[in-house]
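[1] A predicted structure for the sequence below; I have some questions about it.
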Amino acid sequence: MRVFFRFLGAHFKNTIRDRMALFWFLAFPVLFVFLFGLIFGDAKDSWNVRVGVAVDSSASFSLPEDAKSLIFFKGLKVEELDALRKGQRDVVLSLEGGNCVLFTTPQSVEKGRILAKIIENSLLREELKKRGVSLSWKIVVQPIASPRFRQIDYFLPGVLAMALMQLGLFGSLDFVELREKKVTRYLGAMPLRREIILWSEITMRVGIALVQTIVILFSGWVVFRVPFSGAVFPLLSWVLLGSATFVSLGYFLTSFAKTVESASGLIQMMQFPMMFLSGIFFPPEIVPQSIQFVTRALPLSYLGDALRNVALNIPSQFGRTTDFLVLLLWLFGSLLLAWRFFRWE
Amino acid sequence: MSVITVSNLHKFYGPLHAVRGISFAVEEGEVFGLLGPNGAGKTTTVETIIGLLRRDRGEVRVLGFDPEKDSLAVKSRIGVQLQTVHLFPRLTVFETLLLFSSFYRECRPIGELLALVGLTEKAHTRVEKLSGGQLKRLSVALAFVGNGAVIFLDEPTSGLDPQSRRGLWDTIRRLQGEGKTIFLTTHYLDEAERLCDRVAIIDHGVIIALGKPGDLIASHFREKAIEIPFDGDVLPFASLPGVTRFRKDENTVTIYTEDLPETFVALNQLAESKDIPLEGVVVREATLEDVFLKLTGRRVRE
């Protein structure tokens, strides 16, 4: 174990002291989030709660227009719900069947809850009293299905998936470097099982994947208020599954290369189509029908889909089970091939 | 007691027969040198003995273990410096020694290792920033980390400046004083002559001479060597009294004589009659270089 941890430390230092690697694995995805967010994110609105009031519901009450951070819109319930689906409202307020219902999109559930508190405490109290309605009314926060999302919400988990892919694929170049520079051969003369070199490297890679996850989600939240609304453990499981898949794929691809340069070329061949055809930057519907099958084959499509779903409750395109099975297939496929073609020297 | 025994060792690289049936034994506590020109099969021999390469034929035992079957048993009891040094580029010297010390049960203190190879001041320099000589010294230190009973050094002094070379000789003698067995390869014959208790001279994958340097020289040369800076017809030198052999290099004629005084008198007369200047003439004992020359007809470095 001591050898393993020393190697873990050695890989870690050897990697983080490579400024370029740090840039690609951590700064680059954040930069991506930032640039893309600036273009499509429309960050300003997300600070406010946009409340749609359904005037045709049993309550058409007036609300104080000057409430801080609240922007009110009034319209028919159908119109307001439509606006909510289009991402133009955060919450739609409606009185139905004796209850006050707050419709929200899944990623605005938090805003809905906050609004529910505000309404409960101040706004509605007076209105309800005036109408002689008792406070036994329930306030229900109800997320609506298949909403539309802000581009940045869609984009952020995609960047995470992309970063995990980059890390897995390009990270394997570290090993190619060790092999090309014959470090692995030199260590072959030492009393240790060489597998330790590999396992400690993979462990470090997974560690970096977790750091990436935190950094990317955090920067998305800080800059664009992209809310993390999923559960931590499912997210981590998907991150682990994804990085394991791409790490294996990376080792498999690079086992055919003698030098870092040629390995890099091989990886680009795999990485480029994934970047643009996996629906990372835009919904996959935009990809022309004729090459949709490519999207359907690439593992990144499924990882992105799963991460969007698990981190931001964005409805899954393929279904999580399909995501899981396809990724598992890629994982075992590349693991087997990596095992088969692996070379120490 | 023999700590290394090699018998009838063969190694092929495809069609190339790199090592052709060599046999020797290394005794405990001795400094054993494997000498030969580049490409003679030195590195292949070393790497086969330590189990880094698989042998094609023959037997090898290191401390009683077969390096192919008991790879870890052998590797944990020896120290190895390979000819070409490859390490994590972005670790420091200290971190590298620390990493390598985790491979062994018993280790030398890192401070002592750094002092031993004169790298104390470079302890916190990254490996990628070291000069060739410093890297070489680090690799030698790595061979000492585990405090192994047998130390393999493959060309430990090539690329070192004269001062570091001498420093390394002292280190090797010190380790020998501690009872270590040292197996080294070199193409510096003067180094082998000074440092090694016994040497094996290898050429084209075959051992052509094996023994103590003094014995080897004595068995091949009772003569002394006279080096004359001269570029011209060498025949008159060959017929001087006492001369057994002669050799002509670019600007030097070397004659080997069994009777130095007689030859020298005759040489003086010859020089006077033919008007050959005798400034710069050197008289010396025969060396391993002469032995190599005699056995192969070539110099080690050509």
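    Ah, there it is. Residues are numbered from 1 along each chain as shown, chains lettered A, B, ... in the order given.

[2] show me the contacts for residue A:335.
    Counting by C-beta atoms under 8 Å, 6 or more residues apart in numbering or on different chains, residue A:335 touches A:248, A:252. (Glycine included, C-beta is placed from N, CA and C.)

[3] do you know how far it is from residue A:303?
    16 Å (C-beta to C-beta, to the nearest Å).

[4] cool, and residue A:257?
    Distance of residue A:257 to residue A:303, given as C-beta to C-beta: 24 Å.

[5] Which one's more surrounded, those two?
    Neighbours were counted for residue A:257 and for residue A:303 using other C-beta atoms under 10 Å in any protein chain shown; residue A:303 has more, 31 against 20.

[6] What residues sit buried inside the one helix or strand that one maps to?
    Residue A:303 is part of helix A:299-312, with elements assigned from DSSP states H and E. For helix A:299-312, burial by neighbour count (16 or more other C-beta atoms under 10 Å in any protein chain shown) applies to A:299-312.

[7] Now stretch B:154-171 - C-alpha only, CSV.
    The C-alpha trace of stretch B:154-171 is given here as CSV (Å, rounded to 0.1, in the frame of the first residue of the first chain):
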residue,chain,number,x,y,z
ASP,B,154,25.5,0.0,-16.2
GLU,B,155,28.0,2.6,-17.6
PRO,B,156,27.8,4.6,-14.3
THR,B,157,30.5,7.0,-15.3
SER,B,158,29.8,7.7,-19.0
GLY,B,159,28.9,11.3,-19.5
LEU,B,160,30.4,12.3,-16.1
ASP,B,161,33.1,15.0,-15.8
PRO,B,162,36.5,13.7,-14.4
GLN,B,163,35.8,15.0,-10.9
SER,B,164,32.4,13.2,-10.6
ARG,B,165,34.0,10.1,-12.1
ARG,B,166,36.6,10.0,-9.4
GLY,B,167,33.9,10.8,-6.8
LEU,B,168,31.9,7.8,-8.0
TRP,B,169,35.0,5.6,-7.8
ASP,B,170,35.4,6.5,-4.2
THR,B,171,31.7,5.8,-3.6
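
[8] which residues make contact with that stretch from outside it?
    By C-beta under 8 Å, 6+ apart, the list of residues contacting stretch B:154-171 reads B:42-43, B:46-47, B:81-83, B:116-118, B:132-133, B:136-137, B:140, B:172, B:184-188, B:191, B:194-195.

[9] ditto for stretch B:213-227
    B:192-193, B:196, B:198-199, B:201, B:209, B:211, B:244-245, B:252-258, B:260, B:263-264, B:267, B:281-288, B:290-291, B:294-295.

[10] Look at the residue nearest the centre of chain A and report its pLDDT.
    Of all residues in chain A, the one closest to the mean position by C-alpha atoms, centre = their mean is residue A:157, 1.9 Å from it. For residue A:157, the model assigns a pLDDT of 89.

[11] what do you get for the one 4 residues further on?
    The score at residue A:161 is 92. That number is its pLDDT.

[12] Ok, residue B:202 next?
    92.

[13] burial count for it?
    When neighbours are counted by other C-beta under 10 Å, residue B:202 comes out with 25.

[14] Could you do residue A:298 as well?
    Residue A:298 has 22 nearby residues by other C-beta under 10 Å.

[15] List the contacts of it.
    A:273, A:274, A:277, A:278.

[16] contacting residues for the closest residue to residue A:307 other than its chain neighbours?
    Leaving aside its sequence neighbours, residue A:307 sits nearest to residue A:157 (C-beta to C-beta, 6 or more residues apart in numbering or on different chains; 3.9 Å). Neighbouring residues of residue A:157 by C-beta under 8 Å, 6+ apart: A:304, A:307, A:308, A:311, A:312, A:314.

[17] Residue A:305 versus the fifth one, what's the distance?
    If you measure residue A:312 against residue A:305 using C-beta to C-beta, the figure is 12 Å.

[18] Can I get whichever strand or helix holds residue A:109 in CSV? Just the C-alpha atoms.
    Counting by DSSP H and E, the element that carries residue A:109 is helix A:109-118. This file holds the C-alpha atoms of helix A:109-118, laid out as CSV (Å, rounded to 0.1, in the frame of the first residue of the first chain):
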residue,chain,number,x,y,z
VAL,A,109,-38.4,24.2,-7.5
GLU,A,110,-36.3,26.1,-4.9
LYS,A,111,-37.6,29.4,-6.1
GLY,A,112,-41.1,28.0,-5.9
ARG,A,113,-40.5,27.0,-2.3
ILE,A,114,-39.1,30.4,-1.4
LEU,A,115,-42.1,32.1,-3.0
ALA,A,116,-44.4,29.8,-1.1
LYS,A,117,-43.0,31.1,2.1
ILE,A,118,-43.3,34.7,1.1
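
[19] sec struct for residue B:264, please.
    Secondary structure, DSSP: H, G, I helix; E, B strand; the rest coil: residue B:264 is helix.

[20] go on, residue B:97?
    Going by three-state DSSP: residue B:97 is helix.

[21] quick one: it from residue B:156, how far?
    Residue B:97 is 17 Å from residue B:156, by C-beta to C-beta.

[22] go on, residue A:275?
    Taking C-beta to C-beta, one finds residue A:275 at 49 Å from residue B:156.

[23] Looking at these two, which has the bigger crowd around it?
    When neighbours are counted by other C-beta under 10 Å, residue A:275 and residue B:156 differ, and residue B:156 comes out ahead with 27 against 15.

[24] how would you label the more buried one: helix, strand or coil?
    coil.

[25] can you give me the helices for the chain?
    With no chain named, the answer covers chain A. A:2-16, A:19-22, A:28-40, A:77-85, A:109-118, A:124-130, A:151-180, A:183-188, A:195-224, A:232-254, A:260-277, A:292-297, A:299-312, A:320-341 (DSSP state H).

[26] please go with chain B instead
    B:42-49, B:71-75, B:93-101, B:110-116, B:132-144, B:162-177, B:189-195, B:213-220, B:235-238, B:260-274, B:288-296.

[27] Which of those helices sits closest to residue A:3?
    helix B:93-101 (8.6 Å; C-beta to C-beta).

[28] any low-confidence regions in chain A?
    Applying pLDDT under 70 to chain A flags residues A:40-49, A:56-69, A:86-87, A:97-98, A:106-108, A:119-138, A:143-150, A:282-286.

[29] one more time with 50, if that's ok
    A:43-46, A:60, A:146-147 (pLDDT under 50).

[30] Nearest residue to the residue of the stretch 201-302 of chain B found nearest chain A in space, please, no chain neighbours.
    Chain A sits closest to residue B:202 of the stretch 201-302 of chain B, with a gap of 20.3 Å, by C-beta to the nearest C-beta. Counting by C-beta to C-beta, 6+ apart, residue B:202 lies nearest to residue B:36, which is 4.0 Å off, once chain neighbours are set aside.

[31] Identify the residues contacting that neighbour.
    Counted by C-beta under 8 Å, 6+ apart, residue B:36 has contacts B:42, B:185, B:187, B:201, B:202, B:203, B:300.
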